[in-house]
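Asks: coords please:
(2 chains, ligands or ions: 2)
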Amino acid sequence: MTETVVIAELSKGKISSTTNELVTAASKLGSNCTIVVPCTESSVANEASNIAGASKVIAAKSDVFANYDASAWAEAIDAVAPSGIIITAASAQSKDLAARLAARRSISVIQDVIEIEGTTLSTPIYSGKAIQNVSVSGNTAISVRANVFAPADNTGNCEVQVIDTTGNVATALKEMVQRASQRLDVSEANIIISGGRGMGTPANFSHLEEIADKLGAAVGASRAAVDTWDEIPHSMQVGQTGKTVNPNLYIAVGISGAIQHLAGMRSSKYIVAINKDADAPIFQHADYGIVATWEDALPVLSSSLSGLLG
Amino acid sequence: MVNIAVLVKQVPDTNSKIQIAGDMVDLSTVKMDISPYDEFAVENALQHKESGGGTVTAITLGGAGADKVLKGVKALGVDNIVRLDADGYMDSNSLQSVLAEEISSGGYDVVYCGKSAADTGAGSTGPGIAERLGWSSVSNVTEISFDGGLTVTSPAEGGNAIIDVSLPAVVSCDKGSIKVRKSNVKGIMMAKRAQVDVKAVSPPASSVTIVSQVMPPAKPAGKKFEGGDAAQTVAQLLRDEANII
Ligand SMILES: Cc1cc2nc3c(=O)[nH]c(=O)nc-3n(C[C@H](O)[C@H](O)[C@H](O)COP(=O)(O)OP(=O)(O)OC[C@H]3O[C@@H](n4cnc5c(N)ncnc54)[C@H](O)[C@@H]3O)c2cc1C
Ligand SMILES: Nc1ncnc2c1ncn2[C@@H]1O[C@H](COP(=O)(O)O)[C@@H](O)[C@H]1O
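Replies: Ligands and ions are numbered 1, 2, ... in the order given. Here you go, the predicted structure:
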């Protein structure tokens, strides 16, 4: 019986539904699943006890979990997590943690798993231009891409064990700089609407923001937009030298679909492209393509969404 | 005087087409280059040296072909270039063991690396090495100020964290506002003559085996519409077919 250890993913201090997806991934790899919840207050962990398929929840309670410090988190989690296959989310922080935990236990780490077939794990390589299938002997740590596995439902009920733990904090948080806008970051969003050079001016991104607000989406950008306009920060850039995103829906507006842009978004579940050039490469990857200027298409999209979303 | 190491990796040029021969990727005709984020790591390493004095050593693990990348960073002003001689696949455990050993024996104070390599996309190497060395690390760093220790900026939920880091530490670098320098003719000439310090390594066996490398499954052809009014149809499809909105 292979033991699996899911490290719960938290968002705004709560267990996020990504954790349910991790439990589904765990069920493909082993039969005994422990969820470890890094927390400062153990009550946070109670929600995880409902996730069907988990046999146990460990609330790993420590002050070190107030802010992310890679070495302290790895030490504190390692001390309470059973041995087995470690499974984390593929957010930037959790990938970092997976690598730390693996190194701590001298096991290998496999990042961004998108498929599990028997003992074979698949991950994108060369920015998604190819897929690598690997098999592993012994324990390993894996991070699992969001929106790939169906979330386990919340019909379970297992025991929660609270264990105090600690680690040495090696870095010092000086300041948290909150983003000026309340808008989501592209790396946190399930829907993203991105603009490229075809938007013409940075001010025109307000049309994307309007739609983003209706959908609860983040606004992204191509590198051409980021490089051309100071108002569009690099934190919005999607692609090879920007962020890799994996949302349910990616809407590309005035973006040609260069290979380096595709590298960051091609694994999105649904892709919509709005471009005035019918031959733009982005259309080869779009589930739904609209050959039109954004000036023509966005107002229609906006009012249709208002109609549908009420 | 800070003893600085920077990790650089040779990867296929990001513009190149990836092809499969048999059941593995065939890189024989692909142009190779330094991994994009490693350029930021090199720039940060050089700026660190310029801020307080020290030496910068670029380290790569790879075959003889990777010497080109080392010469490229030598031309930018790196002092020493080291290649750990190994070809073929290594899992993260083997790779990091070898790199960590080299860093430990070289007596470095700080290691810069890319936030992820363009081939693996993993982002495992920086934090993994730091854990093996018992060092602190910060990943995906966009800004650094050098003042004895380091003050770095790294994304956190809802914004950015500004973090003080004392050395020794591993910093994995994202693109930030810094501009990377370009080499000049003098640098390139000097780099041509530079010797790569090639070292033999004995990595532990990998526990991961590559079964196959394949092209991503082809997406079914999408639906394409003409004219802005089609946005209404698409919105409806996003509800009825995709179940997203
Ligand atoms: C090492 C390297 C790394 C890179 N990393 C990245 C990266 O991370 N992310 C990234 O995005 N790029 C990256 N690039 C750049 C990439 O190659 C492209 O140059 C870039 O993606 C182009 O951006 P774009 O599509 O916005 O601009 P363009 O290629 O100029 O395309 C603009 C598009 O807008 C359309 N358009 C114009 N007007 C309208 C209108 N009114 N309505 C609708 N459509 C309109 C045009 O038909 C065109 O298709 C990288 C390049 C290199 C070499
Ligand atoms: N074989 C290697 N030689 C030198 N540096 C490497 C090697 N592999 C990874 N690195 C460094 O680690 C970073 C992250 O790589 P990865 O963990 O594979 O995403 C790279 O950007 C390099 O800086």
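Asks: what's the closest non-adjacent residue to the closest residue to ligand 2 within the stretch 151-300 of chain A?
Replies: Nearest residue of the stretch 151-300 of chain A to ligand 2: A:T244, at 11.5 Å (CB to the nearest ligand atom). Every C-beta, even on glycine, is put in place using the N, C-alpha and C of the backbone. Nearest non-adjacent residue to A:T244, counting by CB to CB, 6 or more residues apart in numbering or on different chains: A:G264, 4.9 Å away.
Asks: OK, contacts around that neighbour?
Replies: Contacts here follow CB atoms under 8 Å, 6 or more residues apart in numbering or on different chains; on that basis A:G264 touches A:127, A:238-240, A:242-245.
Asks: chain B: helices as residue ranges?
Replies: Ranges of helices within chain B are B:36-52, B:67-74, B:92-106, B:125-133, B:185-193, B:230-240, based on DSSP state H.
Asks: out of those, which comes closest to A:L121?
Replies: Closest to A:L121 of these, according to CB to CB: helix B:92-106, at 13.1 Å.
Asks: do the closest one and chain A meet?
Replies: Yes: judged by CB under 8 Å from any CB of the partner chain, helix B:92-106 and chain A are in contact via B:92-93, B:96.
Asks: dump the residues you listed to a markdown table, plus pLDDT and distance to A:K95.
Replies: Below are these laid out as a markdown table (pLDDT from 0 to 100; distance: CB to CB, whole Å):
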| residue | pLDDT | distance to A:K95 |
| --- | --- | --- |
| B:S92 | 98 | 12 |
| B:N93 | 98 | 16 |
| B:Q96 | 98 | 15 |
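Asks: who wins on neighbours among those?
Replies: Ranked by neighbour count (other CB atoms under 10 Å in any protein chain shown), the residues of helix B:92-106 next to chain A have B:Q96 at the top, with 28 neighbours.
Asks: not counting sequence-adjacent ones, nearest residue to that one?
Replies: B:Q96 sits nearest to B:G128 (CB to CB, 6+ apart), 4.2 Å away.
Asks: how deep is that neighbour tucked in, by neighbour count?
Replies: Look at B:G128: counted by other CB under 10 Å, it has 30 neighbours.
Asks: thought it was touching A:A98?
Replies: No: taking CB atoms under 8 Å as the definition, B:G128 is not a contact partner of A:A98, at 9.5 Å.
Asks: need the overlap of contacts for the two.
Replies: In terms of CB under 8 Å, 6+ apart, B:G128 and A:A98 are both contacted by the residues A:V109.
Asks: tell me the contacts of the residue nearest to B:Q96?
Replies: Contact analysis of B:G128 by CB under 8 Å, 6+ apart lists A:99-100, A:102-103, A:109, B:92, B:96.
Asks: quick check: pLDDT value at it.
Replies: Note on B:G128: pLDDT of 98.
Asks: do the same with the one 5 residues further on
Replies: In this prediction, B:L133 carries a pLDDT score of 98.
Asks: how much space separates it from ligand 2?
Replies: B:L133 sits at a distance of 14 Å from ligand 2 (criterion: CB to the nearest ligand atom, to the nearest Å).
Asks: hmm, B:S104 and that residue touching each other?
Replies: Yes: using CB under 8 Å, B:L133 and B:S104 qualify as a contacting pair, with a distance of 6.1 Å.
Asks: the more surrounded of the two?
Replies: For B:L133 versus B:S104, neighbours defined as other CB under 10 Å are more numerous around B:L133 (21 against 15).
Asks: so which bits of chain B are right by ligand 1?
Replies: Within chain B, the positions adjacent to ligand 1 are B:14, B:36 by CB under 6 Å from any ligand atom.
Asks: residue of chain B closest to chain A, please.
Replies: Taking CB to the nearest CB, chain A has its nearest neighbour within chain B at B:G228, 2.8 Å off.
Asks: show the contacting residues for the closest residue to ligand 2 within chain B.
Replies: Nearest residue of chain B to ligand 2: B:G114, at 2.3 Å (CB to the nearest ligand atom). Counting by CB under 8 Å, 6+ apart, B:G114 touches B:7-9, B:35-38, B:40-41, B:172-173.
Asks: test for you: state the pLDDT assigned to the residue nearest to A:N50 when sequence neighbours are not counted.
Replies: Of all residues not flanking A:N50 in the chain, A:N154 sits nearest, at 4.3 Å (CB to CB, 6+ apart). A:N154 carries a pLDDT value of 97.
Asks: now A:M1
Replies: With respect to pLDDT, A:M1 has a value of 67.
Asks: centroid residue for chain A?
Replies: In chain A, the centroid-proximal residue (CA atoms, centre = their mean) is A:S91; its distance is 4.5 Å.
Asks: where does the prediction get shaky in the stretch 1-150 of chain A?
Replies: Residues of the stretch 1-150 of chain A meeting the criterion pLDDT under 70: A:1.
Asks: now do the helices in it.
Replies: Assigned helices in the stretch 1-150 of chain A, in chain order: A:18-29, A:70-80, A:92-104 (criterion: DSSP state H, counting those that start in this stretch).
Asks: CA atoms of the longest one as CSV?
Replies: Presented in CSV, the C-alpha positions along helix A:92-104 are these (Å, rounded to 0.1, in the frame of the first residue of the first chain):
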residue,chain,number,x,y,z
ALA,A,92,4.9,29.1,-7.4
GLN,A,93,5.1,28.8,-3.7
SER,A,94,4.0,25.1,-3.5
LYS,A,95,6.5,24.1,-6.3
ASP,A,96,9.2,25.7,-4.2
LEU,A,97,8.1,23.8,-1.2
ALA,A,98,7.8,20.5,-3.1
ALA,A,99,11.5,21.0,-4.2
ARG,A,100,12.6,21.7,-0.7
LEU,A,101,10.7,18.8,0.8
ALA,A,102,12.1,16.4,-1.8
ALA,A,103,15.7,17.6,-1.2
ARG,A,104,15.2,17.3,2.5
